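S.K.: Fold the following and give me the result.
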Amino acid sequence: MKEIPVSELLAPEAASLKLKLIYGRKLLDKKFINNHRIQKPGLGLAGYTEHIHEGRVQILGNTEISYLNTLPFTEKYKSISKLCQKNISCFVVTKNLHIPKVVIQACKENQVPIFRTELVSSVAISEISAYLEEKLAPIANLHGVLVDVHGVGVLIMGRSGIGKSECALELVKRGHRLVADDVVIIKRKQGYLVGNSDDILRNHIEVRGLGILNIKEMYGIGSIRLRKKVEMVVNLLDWDKEDNYDRTGLNKNSVDILGVELPLLNIPVSPGRNIAIIIEAAARNHLLKLMGFDAAHEFSERLNKIIKRNEEKVIKNVMFKKGIE
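M.R.: Model prediction:
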(Lines give C-alpha, C1' and ligand atoms only; values in the text may rest on other atoms or scores of the structure.)
Protein backbone atom coordinates (compact mmCIF):
# COMPACT_ATOMS: atom_id res chain seq x y z
CA MET A 1 0.00 0.00 0.00
CA LYS A 2 1.40 3.37 -1.01
CA GLU A 3 1.72 5.97 1.72
CA ILE A 4 3.03 9.48 2.07
CA PRO A 5 4.28 11.38 5.13
CA VAL A 6 1.95 13.90 6.73
CA SER A 7 4.52 16.59 5.83
CA GLU A 8 3.18 16.41 2.23
CA LEU A 9 0.14 18.35 3.45
CA LEU A 10 2.43 21.36 3.84
CA ALA A 11 4.17 20.99 0.45
CA PRO A 12 4.06 24.06 -1.86
CA GLU A 13 1.59 22.32 -4.22
CA ALA A 14 -0.77 21.89 -1.24
CA ALA A 15 -1.03 25.65 -0.64
CA SER A 16 -4.72 25.66 -1.67
CA LEU A 17 -5.51 23.57 1.43
CA LYS A 18 -4.51 26.58 3.58
CA LEU A 19 -3.27 24.39 6.40
CA LYS A 20 -1.44 25.74 9.44
CA LEU A 21 0.37 23.39 11.75
CA ILE A 22 -0.80 23.76 15.34
CA TYR A 23 1.24 20.91 16.84
CA GLY A 24 3.54 18.12 15.66
CA ARG A 25 6.39 19.51 13.53
CA LYS A 26 8.71 16.70 14.67
CA LEU A 27 6.04 14.12 13.78
CA LEU A 28 5.42 15.23 10.19
CA ASP A 29 7.83 12.70 8.67
CA LYS A 30 6.99 9.96 11.16
CA LYS A 31 3.22 9.82 10.64
CA PHE A 32 1.86 8.58 7.31
CA ILE A 33 -1.30 8.80 5.20
CA ASN A 34 -2.27 5.70 3.20
CA ASN A 35 -5.77 6.57 1.98
CA HIS A 36 -7.12 9.60 0.12
CA ARG A 37 -10.53 9.24 1.76
CA ILE A 38 -11.16 11.58 4.68
CA GLN A 39 -13.05 10.75 7.86
CA LYS A 40 -15.26 12.85 10.14
CA PRO A 41 -15.08 10.99 13.45
CA GLY A 42 -18.52 11.93 14.79
CA LEU A 43 -19.39 8.54 16.30
CA GLY A 44 -15.73 8.01 17.16
CA LEU A 45 -15.85 10.99 19.52
CA ALA A 46 -18.86 9.39 21.21
CA GLY A 47 -16.79 6.26 21.87
CA TYR A 48 -17.67 4.06 18.86
CA THR A 49 -14.28 3.81 17.17
CA GLU A 50 -14.73 0.47 15.39
CA HIS A 51 -14.82 2.13 11.96
CA ILE A 52 -12.08 4.68 12.50
CA HIS A 53 -9.41 3.75 9.95
CA GLU A 54 -5.73 4.14 10.61
CA GLY A 55 -3.69 6.13 8.11
CA ARG A 56 -6.48 8.60 7.32
CA VAL A 57 -6.88 12.31 7.92
CA GLN A 58 -9.58 13.08 10.51
CA ILE A 59 -11.64 16.24 10.10
CA LEU A 60 -12.88 18.12 13.15
CA GLY A 61 -15.55 20.53 11.95
CA ASN A 62 -18.14 22.64 13.66
CA THR A 63 -20.24 19.61 14.70
CA GLU A 64 -17.30 17.75 16.24
CA ILE A 65 -15.85 20.76 18.08
CA SER A 66 -19.32 21.78 19.35
CA TYR A 67 -19.88 18.26 20.65
CA LEU A 68 -16.49 18.23 22.40
CA ASN A 69 -17.32 21.55 24.07
CA THR A 70 -20.36 19.95 25.71
CA LEU A 71 -18.20 17.33 27.44
CA PRO A 72 -16.52 17.66 30.83
CA PHE A 73 -12.71 18.07 30.70
CA THR A 74 -11.96 14.41 31.51
CA GLU A 75 -14.47 13.04 28.99
CA LYS A 76 -13.16 15.41 26.34
CA TYR A 77 -9.60 14.18 26.89
CA LYS A 78 -10.65 10.52 26.83
CA SER A 79 -12.65 11.04 23.64
CA ILE A 80 -9.75 12.50 21.65
CA SER A 81 -7.19 10.12 23.19
CA LYS A 82 -9.26 7.08 22.15
CA LEU A 83 -9.27 8.36 18.56
CA CYS A 84 -5.52 8.98 18.60
CA GLN A 85 -4.92 5.38 19.68
CA LYS A 86 -6.41 4.18 16.35
CA ASN A 87 -3.12 5.23 14.69
CA ILE A 88 -4.72 8.01 12.68
CA SER A 89 -2.51 10.27 10.54
CA CYS A 90 -3.52 13.69 11.83
CA PHE A 91 -6.42 15.98 12.71
CA VAL A 92 -7.52 18.94 10.61
CA VAL A 93 -9.76 21.52 12.31
CA THR A 94 -11.78 23.44 9.73
CA LYS A 95 -13.29 26.95 9.50
CA ASN A 96 -10.52 28.39 11.73
CA LEU A 97 -12.42 27.09 14.75
CA HIS A 98 -10.99 27.56 18.21
CA ILE A 99 -9.29 24.33 19.31
CA PRO A 100 -9.90 23.41 22.97
CA LYS A 101 -6.60 23.17 24.89
CA VAL A 102 -7.44 19.68 26.04
CA VAL A 103 -7.56 18.52 22.39
CA ILE A 104 -4.05 19.84 21.77
CA GLN A 105 -2.90 18.26 25.05
CA ALA A 106 -4.31 14.86 24.00
CA CYS A 107 -2.59 15.17 20.59
CA LYS A 108 0.74 15.96 22.28
CA GLU A 109 0.54 13.03 24.63
CA ASN A 110 -0.50 10.62 21.85
CA GLN A 111 1.94 12.05 19.27
CA VAL A 112 -0.62 13.05 16.62
CA PRO A 113 -0.14 16.22 14.49
CA ILE A 114 -2.99 18.69 14.36
CA PHE A 115 -3.66 21.34 11.68
CA ARG A 116 -6.14 24.15 11.22
CA THR A 117 -7.55 25.56 7.97
CA GLU A 118 -9.86 28.44 7.14
CA LEU A 119 -11.78 26.23 4.68
CA VAL A 120 -15.22 24.99 5.70
CA SER A 121 -15.50 21.23 6.24
CA SER A 122 -17.14 20.34 2.91
CA VAL A 123 -14.53 22.26 0.90
CA ALA A 124 -11.63 21.02 3.05
CA ILE A 125 -12.73 17.39 2.61
CA SER A 126 -13.06 17.80 -1.15
CA GLU A 127 -9.72 19.61 -1.57
CA ILE A 128 -7.69 17.35 0.73
CA SER A 129 -9.22 14.21 -0.77
CA ALA A 130 -8.41 15.34 -4.34
CA TYR A 131 -4.86 16.28 -3.36
CA LEU A 132 -4.24 12.95 -1.60
CA GLU A 133 -5.77 10.98 -4.49
CA GLU A 134 -3.19 12.54 -6.80
CA LYS A 135 -0.35 11.85 -4.36
CA LEU A 136 -1.37 8.29 -3.51
CA ALA A 137 -2.26 7.15 -7.03
CA PRO A 138 -0.42 3.98 -8.19
CA ILE A 139 2.25 4.96 -10.75
CA ALA A 140 4.03 3.18 -13.59
CA ASN A 141 6.73 4.59 -15.87
CA LEU A 142 6.34 3.10 -19.35
CA HIS A 143 8.59 3.37 -22.39
CA GLY A 144 6.45 4.78 -25.18
CA VAL A 145 4.72 7.85 -26.55
CA LEU A 146 1.34 9.26 -25.50
CA VAL A 147 -0.61 11.30 -28.05
CA ASP A 148 -4.09 12.83 -27.97
CA VAL A 149 -5.64 11.70 -31.27
CA HIS A 150 -9.16 13.04 -31.90
CA GLY A 151 -9.60 13.28 -28.11
CA VAL A 152 -8.52 9.66 -27.54
CA GLY A 153 -5.39 9.13 -25.44
CA VAL A 154 -3.31 6.68 -27.51
CA LEU A 155 -0.29 5.07 -25.86
CA ILE A 156 2.14 3.99 -28.60
CA MET A 157 4.54 1.24 -27.55
CA GLY A 158 7.11 -0.98 -29.24
CA ARG A 159 10.81 -1.73 -29.28
CA SER A 160 13.39 1.08 -29.38
CA GLY A 161 13.94 2.41 -32.90
CA ILE A 162 10.73 1.02 -34.41
CA GLY A 163 9.41 4.53 -35.10
CA LYS A 164 7.19 5.56 -32.18
CA SER A 165 8.50 9.14 -32.02
CA GLU A 166 8.43 9.55 -35.82
CA CYS A 167 4.81 8.38 -35.78
CA ALA A 168 4.00 10.87 -32.98
CA LEU A 169 5.67 13.65 -34.97
CA GLU A 170 3.51 12.83 -38.00
CA LEU A 171 0.41 12.85 -35.78
CA VAL A 172 1.36 16.29 -34.37
CA LYS A 173 1.87 17.52 -37.93
CA ARG A 174 -1.66 16.33 -38.71
CA GLY A 175 -3.09 18.44 -35.84
CA HIS A 176 -3.02 16.04 -32.91
CA ARG A 177 -1.34 16.75 -29.58
CA LEU A 178 1.76 15.32 -27.91
CA VAL A 179 1.52 14.44 -24.21
CA ALA A 180 4.75 12.54 -23.54
CA ASP A 181 7.64 11.00 -25.44
CA ASP A 182 10.05 8.28 -24.37
CA VAL A 183 8.90 7.99 -20.73
CA VAL A 184 5.17 8.10 -20.02
CA ILE A 185 4.19 8.43 -16.36
CA ILE A 186 0.92 6.57 -15.86
CA LYS A 187 -1.27 7.11 -12.78
CA ARG A 188 -4.37 5.14 -11.88
CA LYS A 189 -7.23 7.30 -10.67
CA GLN A 190 -10.23 5.29 -9.49
CA GLY A 191 -11.02 3.15 -12.54
CA TYR A 192 -9.04 4.89 -15.27
CA LEU A 193 -5.47 5.86 -16.20
CA VAL A 194 -3.94 9.29 -16.77
CA GLY A 195 -0.59 9.79 -18.48
CA ASN A 196 1.84 12.70 -18.50
CA SER A 197 5.48 13.48 -19.19
CA ASP A 198 8.20 14.05 -16.63
CA ASP A 199 9.39 17.62 -16.12
CA ILE A 200 12.62 17.31 -18.12
CA LEU A 201 11.12 15.77 -21.29
CA ARG A 202 7.86 17.77 -21.30
CA ASN A 203 7.02 19.21 -24.76
CA HIS A 204 10.05 17.49 -26.30
CA ILE A 205 10.42 14.61 -28.69
CA GLU A 206 13.51 12.71 -29.80
CA VAL A 207 13.80 11.81 -33.47
CA ARG A 208 16.83 9.75 -34.45
CA GLY A 209 18.94 11.64 -36.93
CA LEU A 210 17.47 15.02 -35.92
CA GLY A 211 17.91 15.00 -32.15
CA ILE A 212 15.69 16.65 -29.55
CA LEU A 213 12.82 18.78 -30.90
CA ASN A 214 10.69 21.24 -28.92
CA ILE A 215 7.17 20.53 -30.19
CA LYS A 216 5.60 23.50 -28.39
CA GLU A 217 8.04 25.96 -30.03
CA MET A 218 7.83 24.32 -33.47
CA TYR A 219 4.06 23.77 -33.74
CA GLY A 220 2.55 26.08 -31.09
CA ILE A 221 0.75 25.71 -27.79
CA GLY A 222 -2.08 23.76 -29.44
CA SER A 223 0.26 20.89 -30.27
CA ILE A 224 0.86 19.74 -26.70
CA ARG A 225 -1.09 18.61 -23.65
CA LEU A 226 0.08 18.32 -20.05
CA ARG A 227 -1.83 15.11 -19.34
CA LYS A 228 -4.42 12.86 -20.96
CA LYS A 229 -6.62 9.94 -20.03
CA VAL A 230 -5.14 6.79 -21.61
CA GLU A 231 -7.83 4.90 -23.53
CA MET A 232 -6.03 2.71 -26.03
CA VAL A 233 -2.65 1.04 -26.53
CA VAL A 234 -1.03 0.61 -29.95
CA ASN A 235 1.86 -1.84 -30.01
CA LEU A 236 4.14 -1.42 -33.06
CA LEU A 237 5.66 -4.71 -34.26
CA ASP A 238 8.23 -5.63 -36.88
CA TRP A 239 6.46 -7.03 -39.93
CA ASP A 240 6.63 -10.82 -40.08
CA LYS A 241 5.23 -12.33 -43.26
CA GLU A 242 4.71 -15.65 -41.46
CA ASP A 243 2.51 -14.07 -38.83
CA ASN A 244 -1.28 -14.06 -39.08
CA TYR A 245 -2.30 -10.52 -38.31
CA ASP A 246 -5.90 -9.64 -37.49
CA ARG A 247 -7.67 -8.75 -40.74
CA THR A 248 -11.24 -8.40 -39.49
CA GLY A 249 -11.02 -6.51 -36.22
CA LEU A 250 -13.08 -9.22 -34.50
CA ASN A 251 -10.21 -10.32 -32.25
CA LYS A 252 -10.33 -8.23 -29.10
CA ASN A 253 -6.93 -7.95 -27.41
CA SER A 254 -6.30 -6.07 -24.20
CA VAL A 255 -3.44 -5.16 -21.90
CA ASP A 256 -3.44 -4.71 -18.13
CA ILE A 257 -1.80 -1.53 -16.83
CA LEU A 258 -2.00 -0.93 -13.08
CA GLY A 259 -5.05 -3.18 -12.89
CA VAL A 260 -6.96 -1.37 -15.67
CA GLU A 261 -7.74 -3.25 -18.91
CA LEU A 262 -7.17 -1.24 -22.09
CA PRO A 263 -7.87 -2.27 -25.71
CA LEU A 264 -4.66 -3.30 -27.46
CA LEU A 265 -3.94 -3.07 -31.18
CA ASN A 266 -0.90 -4.86 -32.60
CA ILE A 267 0.16 -2.93 -35.70
CA PRO A 268 2.89 -4.42 -37.90
CA VAL A 269 5.36 -1.88 -39.31
CA SER A 270 6.79 -2.17 -42.81
CA PRO A 271 8.14 0.26 -45.43
CA GLY A 272 5.32 2.17 -47.12
CA ARG A 273 2.76 1.77 -44.32
CA ASN A 274 1.68 5.13 -42.92
CA ILE A 275 1.35 4.25 -39.24
CA ALA A 276 0.12 7.73 -38.28
CA ILE A 277 -2.91 7.39 -40.57
CA ILE A 278 -3.59 3.89 -39.23
CA ILE A 279 -3.51 5.20 -35.63
CA GLU A 280 -5.76 8.08 -36.62
CA ALA A 281 -8.24 5.59 -38.08
CA ALA A 282 -7.96 3.41 -34.97
CA ALA A 283 -8.84 6.39 -32.77
CA ARG A 284 -11.88 7.22 -34.91
CA ASN A 285 -12.94 3.55 -34.81
CA HIS A 286 -12.53 3.56 -31.01
CA LEU A 287 -14.87 6.56 -30.78
CA LEU A 288 -17.43 4.79 -32.96
CA LYS A 289 -17.31 1.74 -30.67
CA LEU A 290 -17.91 3.99 -27.65
CA MET A 291 -21.00 5.26 -29.46
CA GLY A 292 -22.20 1.68 -29.98
CA PHE A 293 -21.13 1.08 -33.58
CA ASP A 294 -18.65 -1.73 -34.23
CA ALA A 295 -17.81 -1.93 -37.95
CA ALA A 296 -16.25 -5.40 -37.67
CA HIS A 297 -19.30 -6.87 -35.90
CA GLU A 298 -21.71 -5.11 -38.23
CA PHE A 299 -19.83 -6.50 -41.27
CA SER A 300 -19.68 -9.98 -39.71
CA GLU A 301 -23.42 -10.06 -39.01
CA ARG A 302 -24.21 -8.89 -42.54
CA LEU A 303 -21.89 -11.54 -44.00
CA ASN A 304 -23.46 -14.28 -41.87
CA LYS A 305 -26.94 -13.28 -43.05
CA ILE A 306 -25.84 -13.47 -46.69
CA ILE A 307 -24.23 -16.88 -46.15
CA LYS A 308 -27.35 -18.18 -44.40
CA ARG A 309 -29.59 -16.86 -47.18
CA ASN A 310 -27.42 -18.50 -49.85
CA GLU A 311 -27.42 -21.78 -47.94
CA GLU A 312 -31.22 -21.75 -47.82
CA LYS A 313 -31.34 -21.15 -51.59
CA VAL A 314 -29.00 -24.09 -52.23
CA ILE A 315 -31.11 -26.39 -50.02
CA LYS A 316 -34.31 -25.31 -51.79
CA ASN A 317 -32.73 -25.99 -55.22
CA VAL A 318 -31.56 -29.46 -54.15
CA MET A 319 -35.00 -30.31 -52.73
CA PHE A 320 -36.70 -28.99 -55.91
CA LYS A 321 -34.48 -31.14 -58.15
CA LYS A 322 -35.32 -34.20 -56.05
CA GLY A 323 -39.04 -33.36 -56.19
CA ILE A 324 -39.28 -32.81 -52.48
CA GLU A 325 -41.62 -30.07 -51.38
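S.K.: so residue 143, which of the three states?
M.R.: strand (DSSP: H, G, I helix; E, B strand; the rest coil).
S.K.: Just the pLDDT for it.
M.R.: Note for residue 143: predicted pLDDT of 95.
S.K.: Near it, how many other residues are there?
M.R.: The number of residues packed near residue 143 is 12, by other C-beta atoms under 10 Å. No exception for glycine: its C-beta is placed from N, CA and C like everyone else's.
S.K.: Contacts only, for it.
M.R.: 157, 160, 182, 183, 184 (C-beta atoms under 8 Å, 6 or more residues apart in numbering).
S.K.: surely the fourth one meets residue 141?
M.R.: It refers to residue 183. Yes. When contacts are counted by C-beta atoms under 8 Å, residue 183 is listed as touching residue 141 (5.6 Å).
S.K.: and the two? which has more neighbours close in?
M.R.: The neighbour comparison of residue 183 against residue 141 (other C-beta under 10 Å) goes to residue 183, with 15 against 9.
S.K.: Okay, and the more buried one sits in which element?
M.R.: In this structure, residue 183 sits in strand 177-189 according to DSSP states H and E.
S.K.: ok so, going back, now flag whichever of the contacts of residue 143 is closest to residue 299.
M.R.: Set against residue 299, the nearest of the contacts of residue 143 by C-beta to C-beta is residue 157 (27.9 Å).
S.K.: so how far is residue 195 from the nearest residue in space to that closest one that is not next to it in sequence?
M.R.: Excluding its sequence neighbours, the residue lying closest to residue 157 (C-beta to C-beta, 6 or more residues apart in numbering) is residue 144, at 4.2 Å. Per C-beta to C-beta, to the nearest Å, residue 144 is found 9 Å from residue 195.
S.K.: what sits in contact with each of these two?
M.R.: With C-beta under 8 Å, 6+ apart as the test, residue 144 and residue 195 both reach 155, 184.
S.K.: Spell out which residues make up each domain of the protein.
M.R.: Annotated domains of the chain cover 4-136, 139-293, 295-324 [the TED database].
S.K.: could you pull out the strands for the stretch 1-150 of the chain?
M.R.: Ranges of strands in the stretch 1-150 of the chain, per DSSP state E, counting those that start in this stretch, are 4-5, 19-23, 32-33, 57-60, 90-93, 114-117, 139-149.
S.K.: What is the third one packed up against?
M.R.: Put plainly, it is strand 32-33. The contact analysis (3 or more C-beta pairs under 8 Å, 6 or more residues apart in numbering; DSSP states H and E) places strand 32-33 against strand 4-5.
S.K.: let's see it at 10 Å
M.R.: Helices and strands touching strand 32-33, by 3 or more C-beta pairs under 10 Å, 6 or more residues apart in numbering; DSSP states H and E, are strand 4-5, helix 121-136.
S.K.: can I get these in TSV with mean neighbour count, distance to residue 249 and mean pLDDT?
M.R.: Listed next are the helices and strands packed on strand 32-33 as TSV, based on neighbours: other C-beta atoms under 10 Å; distance: least, C-beta to C-beta, whole Å; pLDDT from 0 to 100:
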stretch	mean neighbour count	distance to residue 249	mean pLDDT
strand 4-5	16	43	96
helix 121-136	18	36	94
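S.K.: Let's have these in a markdown table, adding distance to residue 265.
M.R.: Converted to a markdown table, those look like this (distance: least, C-beta to C-beta, whole Å):
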| stretch | distance to residue 265 |
| --- | --- |
| strand 4-5 | 36 |
| helix 121-136 | 30 |
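S.K.: Compare the ones you listed and report which one is nearest to residue 72.
M.R.: helix 121-136 (25.2 Å).
S.K.: what's the angle from the closest one to strand 177-189?
M.R.: Interaxial angle, helix 121-136 versus strand 177-189 (axes from the mean of the first three to the mean of the last three C-alpha atoms, to 10 degrees): 110 degrees.
S.K.: helix or strand for residue 280, which one?
M.R.: Following DSSP H and E, one finds residue 280 within helix 275-290.
S.K.: Same question for residue 300.
M.R.: Per DSSP H and E: helix 295-321 holds residue 300.
S.K.: in that helix, what counts as buried?
M.R.: Neighbour counts using 16 or more other C-beta atoms under 10 Å place residue 296 of helix 295-321 among the buried residues.
S.K.: Could you give the average pLDDT over that helix?
M.R.: Mean predicted confidence for helix 295-321 is 87.
S.K.: Would you mind pulling up the elements that it packs against?
M.R.: Contacts defined by 3+ C-beta pairs under 10 Å, 6+ apart place helix 295-321 against helix 275-290.
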